[in-house]
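A.B. asks: output the structure for:
(2 chains)
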Amino acid sequence: MRQRTRRALNKRRLASAFALLSPLAALQAAPFIPDSDGQILEHLPSDAFARESRSLRKDLRLNPGNLELAVKLSQAYIKLGKAEADPRYYGYAQGLLNPWWAMPNPPAAILLPRALILQNRHDFDAALLDLDKLLRLEPGNTQAWLARAVILQVRGRYEEAQQSCLPLTELDDILVPVTCLSSVVSLTGQAAKSYDLLHDALAHTPSLSAEQSLWSFTVLAEMAARMGKNAEAERFFRQALEANGKDAYLLAAYADFLLDQRRPGEVVSLLADKTRVDSLLLRLGLAKQQLKASDLADTVASLQARFDAARLRGENLHQGDEARFTLFLLDRPREALRLAKANWMAQREPKDARILLEAAIAAQDPQAAQAVVDMLGKTGMEHVQLRQLASQLGTAHSAGDR
Amino acid sequence: MLLRLLLSAILLLQAQPLFAHKASDSYLALTVRGNAIEGQWDVALRDLDYAIGLDGSDDGAITWGELNGRREQVAAYVLPRLQVTAAGAPCPLKLADYLVDKHTDGAYVVLRFRVECPRPGPAIDLAYALFFDVDPQHRGLLRLDYQGTTQTAVFSPTQPAQHIELGEVRQGSAFLQYLSVGVWHIWTGYDHILFLLSLLLPAVLYRQGRDWHPVAGFRPAFMEVLKVVTAFTLAHSITLSLATLGLISLPSRWVESAIAASVVLAALNNLHPIIDKKRWAVAFGFGLVHGLGFANVLNDLGLPQGTLLLALVAFNLGVEIGQLAIVSAFLPSAYCLRRSRGYRTLCLNLGSVLISLIAFAWLLERALDLKLFSGGGL
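C.D. replies: The predicted structure is shown next:
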């Protein structure tokens, strides 16, 4: 018996060694022939844009190398990719720019879409390079200044981000520079002032486009949440959702707010039908964990499959989310800390700081989050949760020293 | 049963909206068997629709009817975008099957195909070009299975080609794998360890009348260990090779029981020595039986015929490495302790009693196994 068990074990070891070598195997179910011709296999976006883009692509095929047409279509796909948080559209956008993609100095019109695609792939340095080139050619290009400000803010380079918001004051619409500036400045120890500025600017703007409303109210809501003004945050999140209830960034931010408020039921109803986006499925999983839902395991398995699929491509664009997944849903603090540290090298938003603190505390490695503590000290950032976590980390630290 | 079917149907329905947004990938799996190469290529319907248009009815849904109706166009678009070359000659791809599968981000068409190489060689070259023109962020994820080993690679616009040495695949990782199984088997195969220990325990002593005495120098102890280990190695290598090559074959239960018996006898020989001077002969005789046991392990792993010899050499080498590690841990410590009373009473006598008891239990277990289960099977 013993011998047989041992052999079986031996065999299993070898089998699992082989399985490790072929991670694809896990993702492949058994292929099948559908039962009937009418069986629907896949749903495609079939709105006006889908139809229009098809005819534009046909035009482009007839006129390959038509710069104006390619840029127009590329920008439409970037917009769609952002709204749907679907990386495939960024791939299409890049494909349309193929003739100019590798040029060190392409026509100016290529630079902005190319920068946005690079930004989406987290190639922030290359994106900034393109934006700087464009701004040397067109110093009045406010879209480029704004894109630059956003990237610099994500990278935690707040002073430069602030500088990049200033040229936006040239615009007639005061709300654009105010939202840009207050978003950055609120992270540098001047939260109350920034909050009042944006709040007043919004109050004095009679009519807002849906796009502007989405952006300004999301920024204001996040600001309020960081300051612990929960009732206000709730109100502004709702106003942003009224402007656009499908924006992935907004939904993720609101879900995080609700999770902090221990309101998981609302997260589930908010996100139940929006799980195509990994970041939103993650928040749904975290809500199910708070609810102790019986189908949590299915969500965890789906998330795992998605992170595995991304890893097969050799990509790690979502290490921040993966760190949260690993820490809270897999309960593997050391692995989560490794991911959170790697993520911090690429992105330095408050949420990136937060997962690094949380992972460092869970892994009992306070030193690992020293960079966040330093950042908090340097910027004076006001953020209720971050401050609380940092002091928790400090306690762990001094306990460790003793 | 019905309930389970119902439940899985519900689960499938639930799985539908869990499809992810992700960048475009295709999954290309190639299996090399001798001179034949078979392939399976999973391509996302969304990507195909973007490239060649699948939604004939333009209603935002792709049905099996629409996909199946365009089988020729799909194959004509996809298959030529993988070029396989062997020995300088292109190998055409022939569609064999046309199916559907689901991945994390939705439905895929599955193209199964044969690669027909006019001149099969020890290496193949792959050039991949699917979708790179319309979506440079597309990746082709390759898995190549060849004689029990798997290689993976990612095709991208900057790296659209792969050169794969089939010989290298075989000799590299498979060898290491069998080597480690060999080491692992000797370390966790307590019967082999205990047999060896039983023969080695008296190596640092010699017998005069009814008493054990410590040897004076290191040399006689070392020579005794060398003789025992060499004899054991020689013997089990012979039977391991013969059995693996199919030249001898004994029922595994007999072999396993005989191995247990060999441990009992070797341990009892320390308490009431019958063979004292020629312990190497015991090692050789029973080593033949242990070799048959090793062969059973190797057999259980399901050896591909092509790599039989390689696996045999690697596994045997692994066993020797594992054995050498045990001996080099044992000899210095036994030599240092040989003068102490504890070594003779505790290690040699009590140790041999314990070993013989454990081995006797194995013997009963394995023999009992035979009596209980030989008729009906488990």
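A.B. asks: what's the spacing between the closest residue to A:R121 other than its chain neighbours and A:N120?
C.D. replies: Computed as Cβ to Cβ, 6 or more residues apart in numbering or on different chains, the closest residue to A:R121 that is not its neighbour in sequence is A:L317, at 6.9 Å. Bear in mind the C-beta positions are built from the backbone N, C-alpha and C, glycine included. To A:N120, A:L317 is 8 Å away according to Cβ to Cβ, to the nearest Å.
A.B. asks: same question for A:V71.
C.D. replies: 17 Å.
A.B. asks: and what of B:L310?
C.D. replies: Applying Cβ to Cβ to B:L310 and A:N120 gives a distance of 47 Å.
A.B. asks: more neighbours, those two?
C.D. replies: For B:L310 versus A:N120, the count of surrounding residues by other Cβ atoms under 10 Å in any protein chain shown is larger for A:N120: 22 against 17.
A.B. asks: for that one, which non-adjacent residue is spatially closest?
C.D. replies: Leaving aside its chain neighbours, A:N120 sits nearest to A:Y90 (4.8 Å; criterion: Cβ to Cβ, 6+ apart).
A.B. asks: taking the stretch 151-300 of chain A, what residue is nearest to chain B?
C.D. replies: Nearest residue of the stretch 151-300 of chain A to chain B (Cβ to the nearest Cβ) works out as A:R276 at 4.7 Å.
A.B. asks: ok, that residue touching B:R46?
C.D. replies: No - with contact defined as Cβ atoms under 8 Å, A:R276 and B:R46 do not form a contacting pair (11.6 Å).
A.B. asks: and residue 222, what element?
C.D. replies: This is for chain A. A:E222 is part of helix A:210-227, with elements assigned from DSSP states H and E.
A.B. asks: look at chain B instead
C.D. replies: Going by DSSP H and E, B:F222 is in helix B:218-244.
A.B. asks: quick one: the helices in the stretch 51-200 of chain B?
C.D. replies: B:64-69, B:71-78, B:166-169, B:175-188, B:190-200 (DSSP state H, counting those that start in this stretch).
A.B. asks: now A:E42, what's its secondary structure?
C.D. replies: Using DSSP: H, G, I helix; E, B strand; the rest coil, the structure places A:E42 in strand.
A.B. asks: and for it, the neighbour number?
C.D. replies: 24.
A.B. asks: with A:D132 instead?
C.D. replies: A:D132 has 13 neighbouring residues, counting by other Cβ under 10 Å.
A.B. asks: can you show me the strands along the stretch 201-350 of chain B?
C.D. replies: B:205-208, B:211-214 (DSSP state E, counting those that start in this stretch).
A.B. asks: I'd like to know how many residues surround B:E116.
C.D. replies: Neighbour count for B:E116, taken as other Cβ under 10 Å: 15.
A.B. asks: which residues touch the closest residue to chain A within the stretch 1-150 of chain B?
C.D. replies: Residue of the stretch 1-150 of chain B nearest chain A, by Cβ to the nearest Cβ: B:G60 (2.7 Å). Contact analysis of B:G60 by Cβ atoms under 8 Å, 6 or more residues apart in numbering or on different chains lists A:H43, A:L44, A:P45, A:S46, A:A50.
A.B. asks: quick check on it: phi, psi?
C.D. replies: Backbone torsions for B:G60, taken as degrees, to the nearest 10, come to phi 80, psi 10.
A.B. asks: per-residue confidence at it?
C.D. replies: If you check B:G60, the pLDDT there is 84.
A.B. asks: for the one 5 residues further on, same thing?
C.D. replies: pLDDT, B:G65: 94.
A.B. asks: state the distance from it to B:D55.
C.D. replies: Using Cβ to Cβ, we find B:G65 at a distance of 11 Å from B:D55.
A.B. asks: more crowded one of the two?
C.D. replies: A direct count of neighbours by other Cβ under 10 Å for B:G65 and B:D55 places B:D55 higher, at 20 against 17.
A.B. asks: who's in contact with that one?
C.D. replies: Per Cβ under 8 Å, 6+ apart, neighbours of B:D55: A:L44, A:S46, B:D49, B:A61, B:I62, B:E66.
A.B. asks: count of neighbours near the fourth one?
C.D. replies: It refers to B:A61. B:A61 has 15 nearby residues by other Cβ under 10 Å.
A.B. asks: so the nearest residue to it once chain neighbours are set aside bridges to which residues?
C.D. replies: Here the nearest residue to B:A61 in space, its sequence neighbours aside, is A:I40; by Cβ to Cβ, 6+ apart that works out to 4.7 Å. Following DSSP bridges, A:I40 is listed with bridge partners B:T63.
A.B. asks: per-residue pLDDT of A:I40, please?
C.D. replies: We have a pLDDT of 92 for A:I40.
A.B. asks: quick one: it and B:I62 touch, right?
C.D. replies: Yes - between A:I40 and B:I62 there is a contact under Cβ under 8 Å: 7.2 Å.
A.B. asks: more crowded one of those two?
C.D. replies: Using other Cβ under 10 Å, the more surrounded residue of A:I40 and B:I62 is B:I62, with 26 against 15.
A.B. asks: check contacts around the nearest residue to the more buried one once chain neighbours are set aside.
C.D. replies: Closest residue to B:I62 apart from its sequence neighbours, by Cβ to Cβ, 6+ apart: A:E42 at 4.5 Å. Contacts for A:E42 (Cβ under 8 Å, 6+ apart) come out as B:L45, B:R46, B:D49, B:A61, B:I62, B:G106, B:A107.
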